[in-house]
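*Asks:* have a look at this prediction, sequence included:
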Amino acid sequence: MAETKGKMEISAKIKYGNGIIIDRDLKILFDPIISDFISFVSHAHSDHLPNYIATLPITTKETKELAKLKIKDFNSLTFEYGKKVKYFDIYFTLYDANHILGSYIAYIELDGKTILYAPDFRLESFNKDVDILIIESTFGDPNIIFPDTDEVIDKLIRWIKSKEVQNKKIEIGAYALGKAQEVIKILNEHSIYPRVTKTIEKYNKVYEKFGIKLICDEKSKIIIRPMHETIYNPLPNHERAVVTGWAAVRKFENAIGFEISDHLDFKGLVNFINSINPKIIYTFHGFAEIFAKELRNLGYNAFSLNSL
Ligand SMILES: [Zn+2]
Ligand SMILES: [Zn+2]
């Protein structure tokens, strides 16, 4: 019983505040607004980056480069995937989150307990012992199920080809960091070479620097633009598509949606959790309450961080 009690002691100190906090003498912060104490910054999407750095956060070197494009004087301590590090009184290991370049999930060992911080990620399973799982719930609603990605890619390529034979211009909207590069890669694999906006090109260069080849062609009739531009400021005389997980649950007025996501859908999240079988789960982001409730129905000890 003492074991269980100890675990609860740590978990009771997990809360929202400056990011997600493990509240102890030397605080551990996850994706905080102010990087301080021991701070984990999981990836370079704006909603995960600190806006002030008091002590350097823990990132990958890829994230550091990408973050510098958004925050000029961004700095961090960089670590590699898969290497166990002793840092103050904790051990941590970063694993590739398969979300965007440089993104990680963090496995932390402290006081004999194991914690997995899994913010934006796209992994089928995790095969280490986890006492406490802190997990995103962007698509944690049981109504959000993505169709098979290979089929969606097929549909996207067929749609592009059908427009190409009609000699039409094509605009594809995708998040500038992460999704746009994923779309370029998919198109390249089908011998399609699009052009991109300046913002997207800037991120492409970092991807290329880390060995991900992205081939663009300035003369292409296909342009990839940041998704909000395609939705709110579309180019005239273009056939339009957006590539986003949200296409699984909403229609776009002026564009056809393709459901390719760098997050897991509801089923994916549940499968990931089943592969771990954690003792306690904290959900955050998106459908945190709904997701925690669904997990409790499945027999898990799950709570939304919003309601703590
Ligand atoms: Zn993200
Ligand atoms: Zn996010």
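*Replies:* Alright, I've got the coordinates. Ligands and ions are numbered 1, 2, ... in the order given.
*Asks:* list the buried residues for stretch 247-255?
*Replies:* The neighbour-count check on stretch 247-255 (16 or more other C-beta atoms under 10 Å) flags 247-248, 252, 255 as buried. Backbone N, C-alpha and C define where each C-beta goes, glycine included.
*Asks:* shaky segments in the stretch 101-250 of the chain?
*Replies:* Within the stretch 101-250 of the chain, not a single segment meets pLDDT under 70.
*Asks:* where do the helices sit along it?
*Replies:* Taking DSSP state H, counting those that start in this stretch, the helices of the stretch 101-250 of the chain run over residues 149-165, 179-189, 198-209, 227-232.
*Asks:* tell me which of these sits most buried.
*Replies:* Of the helices of the stretch 101-250 of the chain, the one with the most neighbours on average (mean count of other C-beta atoms under 10 Å) is helix 179-189, at a mean of 21.
*Asks:* what about it and ligand 2, any contact?
*Replies:* No: Helix 179-189 is not in contact with ligand 2 by C-beta under 5 Å from the ion; minimum separation 12.3 Å.
*Asks:* what sits against the residue in the stretch 201-308 of the chain positioned nearest to ligand 1?
*Replies:* Residue nearest to ligand 1 within the stretch 201-308 of the chain (C-beta to the ion): Asp262, separated by 7.0 Å. Taking C-beta atoms under 8 Å, 6 or more residues apart in numbering as the criterion, Asp262 is in contact with 98-100, 120, 122, 178-179, 182, 245.
*Asks:* which SSE is it in?
*Replies:* Under the criterion DSSP states H and E, no helix or strand holds Asp262.
*Asks:* leaving out chain neighbours, which residue sits closest to it?
*Replies:* Closest residue in space to Asp262, ignoring its immediate chain neighbours: His99 at 4.9 Å, by C-beta to C-beta, 6 or more residues apart in numbering.
*Asks:* over to Lys61?
*Replies:* Leaving out its chain neighbours, Lys61 is closest to Thr78 (C-beta to C-beta, 6+ apart), at 4.2 Å.
*Asks:* separation between the one you found and Ile20?
*Replies:* 21 Å (C-beta to C-beta, to the nearest Å).
*Asks:* give me the distance between the one residue in the stretch 51-200 of the chain that gets nearest to ligand 1 and Glu109.
*Replies:* Nearest residue of the stretch 51-200 of the chain to ligand 1: Asp120, at 3.5 Å (C-beta to the ion). Counting by C-beta to C-beta, the gap from Asp120 to Glu109 is 23 Å.
*Asks:* the more surrounded of the two?
*Replies:* Asp120 (23 against 17; other C-beta atoms under 10 Å).
*Asks:* doesn't Leu264 make contact with the more buried one?
*Replies:* No: between Asp120 and Leu264 there is no contact under C-beta atoms under 8 Å: 9.6 Å.
*Asks:* look up phi and psi at the closest residue to ligand 2 within the chain.
*Replies:* Using C-beta to the ion, the closest approach of the chain to ligand 2 is made by Asp120 at 4.3 Å. Main-chain dihedrals, Asp120, degrees, to the nearest 10: phi -50, psi 120.
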